[in-house]
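Engineer: Please find the sequence and the predicted model below.
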Amino acid sequence: MNHMTDLFDQGTPRRPRGQGYSAKDIEVLEGLEPVRRRPGMYIGGTDERALHHLAAEVIDNAMDEAVAGHASHIDVELLADGALQVRDNGRGIPVDGHPKFKNKSALEVILTTLHSGGKFNNKVYHTSGGLHGVGVSVVNALASDLLVEVGRDGQVWRQAFARGKPVTRLAKAGAARNRRGTLVRFTPDAEIFGAERFRAERLYRLARAKAYLFRGVEIRWKCPADAASDAVPAAAVLHFPGGLEDFLGASLAGRPCLTPRPFTGRVTLARDRGRIEWAIAWPEDGEGFISSYCNTVPTPEGGSHETGLRAALTKGLRAYGELTNNRRAGAIGADDILGGASVLLSIFIPEPEFQGQTKERLSTPEAGRLVEATIKDHFELWLSGAPDEANQLLARVLARAEERLRRRQEREVGRKSATRRLRLPGKLADCTRKGAEGTEIFIVEGDSAGGSAKQARDRASQAVLPLRGKILNVVSAGAAKMLANQELADLLLALGCGRREAYRSDDLRYDKVIIMTDADVDGAHIAALLMTFFHQELPGLIAAGHLYLAQPPLYRLSQGGQGGKTLYATDDADRDRLLGSAFDGRAKVEVSRFKGLGEMPPAQLRETTMAPGKRTLLRVQIAADAGPDTARLIDRLMGRKPELRLAFIQENARFVDDLDV
């Protein structure tokens, strides 16, 4: 019996198909049990990112009180036992009885019932980050313990919960004449998150970002002394009257910019339609970012507000070009302007629409129109008020537009000089060495991994190009869609050697092209998509021995504390081998798992994965006897027909020893 059959047969009594299915087989999950059963549906998983989403939900509730004008300060404290405590001086969660739930207070309803809260209309909160009514109840469901204290009308009320269920009744905890607001203290449930714990650095960045986003709030940060570091103080008061302009200045940390003045602004919209704030600069090194927010909630996947910003900047700069009789300005596109720019955008609007509970993309159409109309006028005024700076920006953007058009026509892209640095793809952090000999380009997934790699690299010989998410599957997409894909177009531009019949080995701008992805299943998938791209579009690059796979570690093993022995393992088997042979069995070995390249300190990334002489690279080669059968297999696995992939899996399932599910 093969392994696939075993997988489905174990412990399952055989019975005729369609029989034995009755009403008793229908489960009804009550209360918060659906959250505990399927946490990924509510917070996107059970990893470190999902864990910190719980913190964001609680802090967002406090921020909503501040944005509504009812709270002036928020305390965010990471406790020594791993719990997080958030306290505001707002109105406090209502503690009176709820009219629809007999013998339950409004507080208990909010904490134990999905889709409950005061944010479904704009009577209580005109703008808010929590709109689905599931935030704090999801936190309660996924916490091993949670305590709520509310100060209202000179009285403190308290109730405790465990894994979503009340363990005490709401009760008075004493009089407190000057205390008002809500305190929430909770510990993430190890049954859900395993060994994951809150990270002080990540929480501090979150708290600081919230303070930047709403200049009217003061956030008081605190963490244990042993969790503090150079980047994270043990205690701090975060208050930024300058808002996003302060945020941008701190993010750029004194790096020289193309225009001495950033383009900043803050507008309150008429008829209570919200507020828009922005801060944009163009660093000379071309290493920028785009960070957008709606009602203080980060939207890393962008959305309609970012679309409005792109349109506003494009139309504004084109209009300035026409005003100065620069006919080439009509060719400018949004990517030409935003490539290499550092952009912060924050909007506050009533009843925004997000995609998914984790709110990573804004989908409110009206937001795009409001942002475009507002920022376009201010951008045109900013340009006309400083013509020297505007001309510098226009010249840079036109250079990028020309390079983009040159790429579209697949013209030759030679080795850049210092004056041509900005004509390359906006996210490319290029090396300074002239000529391809001894140079490398690392292709990484996402801005987070790109940021770590840029800090870890040797600037003289190593370039870094971050790609956004999983790239296009070129086998199933077709040539037209591939040529229109910005990520792949940027990759081809960075390499400079053309594609397919137009491939020119002598024009390849780097000696080594290194795919560097996370050491997990998703990373392997991205690497497979990239290798498929190179196999189809640049087989000559592979044949010449230029394509490599980096081998980042999955585990860090240390013994003896600082200055002790530290080794790295690439997978579970390597970890077990090192534990059995490379350490003193009498002392404890600390084992930590890397969540991704973006979570690795740059020094460790350099030591383990990027530094020549210390790293391991795998050269990608096409087998000498590869022929039509190889091409057919790739088409079978990566092409448009899922039934061919299913047939392949069924044919080869018996050879699988274990599954990564």
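Structural biologist: Cool, the structure landed. Everything numeric here is computed off the predicted structure, so don't read it as measured data. Numbering: from 1, shown residues only.
Engineer: ok, now which ones touch the closest residue to Lys595 other than its chain neighbours?
Structural biologist: Of all residues not flanking Lys595 in the chain, Glu48 sits nearest, at 5.4 Å (C-beta to C-beta, 6 or more residues apart in numbering). Placement of C-beta: from N, CA and C, glycine included. By C-beta atoms under 8 Å, 6 or more residues apart in numbering, the residues touching Glu48 are Glu196, Arg199, Arg202, Lys595, Glu599.
Engineer: Determine the set of other helices and strands touching the host helix or strand of Ala528.
Structural biologist: Element membership for Ala528 (DSSP states H and E) is helix 521-537. For helix 521-537, the contact count by 3 or more C-beta pairs under 8 Å, 6 or more residues apart in numbering; DSSP states H and E identifies strand 440-445, helix 474-477, helix 486-495, strand 512-515, helix 539-543, strand 547-550, helix 628-638 as packing neighbours.
Engineer: What does the residue nearest the centre of the chain show for phi and psi?
Structural biologist: Per C-alpha atoms, centre = their mean, the C-alpha nearest to the average position across the chain is that of Pro300, at 5.6 Å. In this entry, Pro300 is assigned phi and psi values of phi -60, psi -20 (degrees, to the nearest 10).
Engineer: Please shift the residue numbers so they start at 44 in all later answers.
Structural biologist: Fine by me, first position is 44 from now on; the one you just mentioned is Pro343.
Engineer: dump the residue contacts of the closest residue to it other than its chain neighbours.
Structural biologist: What sits nearest to Pro343 in space, not counting adjacent residues and going by C-beta to C-beta, 6+ apart, is Glu403, at 5.4 Å. Glu403 sits next to Pro341, Thr342, Pro343, Glu344, Phe397 when contact means C-beta under 8 Å, 6+ apart.
Engineer: between these, which is closest to Leu291?
Structural biologist: Proximity of those to Leu291 was ranked by C-beta to C-beta; the top entry is Pro341 with 15.6 Å.
Engineer: quick one: that closest one from Met106, how far?
Structural biologist: To Met106, Pro341 is 12 Å away according to C-beta to C-beta, to the nearest Å.
Engineer: what about Val199, helix or strand, and which?
Structural biologist: Taking DSSP H and E as the criterion, Val199 maps to strand 198-205.
Engineer: Could you do Asn104 as well?
Structural biologist: Asn104 belongs to helix 91-110 when elements are defined using DSSP H and E.
Engineer: Can you show me the CA trace of that helix as CSV?
Structural biologist: Once non-C-alpha atoms are left out, helix 91-110 reads as follows in CSV (Å, rounded to 0.1, in the frame of the first residue of the first chain):
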residue,chain,number,x,y,z
GLU,A,91,5.2,36.0,15.1
ARG,A,92,3.5,38.4,12.7
ALA,A,93,0.1,37.1,13.7
LEU,A,94,1.0,37.2,17.4
HIS,A,95,1.9,40.9,17.2
HIS,A,96,-1.3,41.5,15.3
LEU,A,97,-3.0,40.9,18.7
ALA,A,98,-1.0,43.8,20.2
ALA,A,99,-2.0,46.0,17.2
GLU,A,100,-5.7,45.3,17.8
VAL,A,101,-5.6,46.4,21.4
ILE,A,102,-3.4,49.4,20.7
ASP,A,103,-5.7,50.4,17.8
ASN,A,104,-8.7,50.4,20.2
ALA,A,105,-6.9,52.9,22.5
MET,A,106,-5.8,54.9,19.5
ASP,A,107,-9.4,55.2,18.3
GLU,A,108,-10.3,56.8,21.7
ALA,A,109,-7.4,59.3,21.1
VAL,A,110,-8.3,60.1,17.5
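Engineer: got the residue ranges for the helices in the stretch 94-243 of the chain?
Structural biologist: Ranges of helices in the stretch 94-243 of the chain, per DSSP state H, counting those that start in this stretch, are 149-155, 178-184, 233-236, 243-256.
Engineer: need those in CSV with mean neighbour count and distance to Thr307, can you?
Structural biologist: Formatted as CSV, the helices of the stretch 94-243 of the chain follow (neighbours: other C-beta atoms under 10 Å; distance: least, C-beta to C-beta, whole Å):
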stretch, mean neighbour count, distance to Thr307
helix 149-155, 21, 38
helix 178-184, 26, 31
helix 233-236, 16, 39
helix 243-256, 21, 13
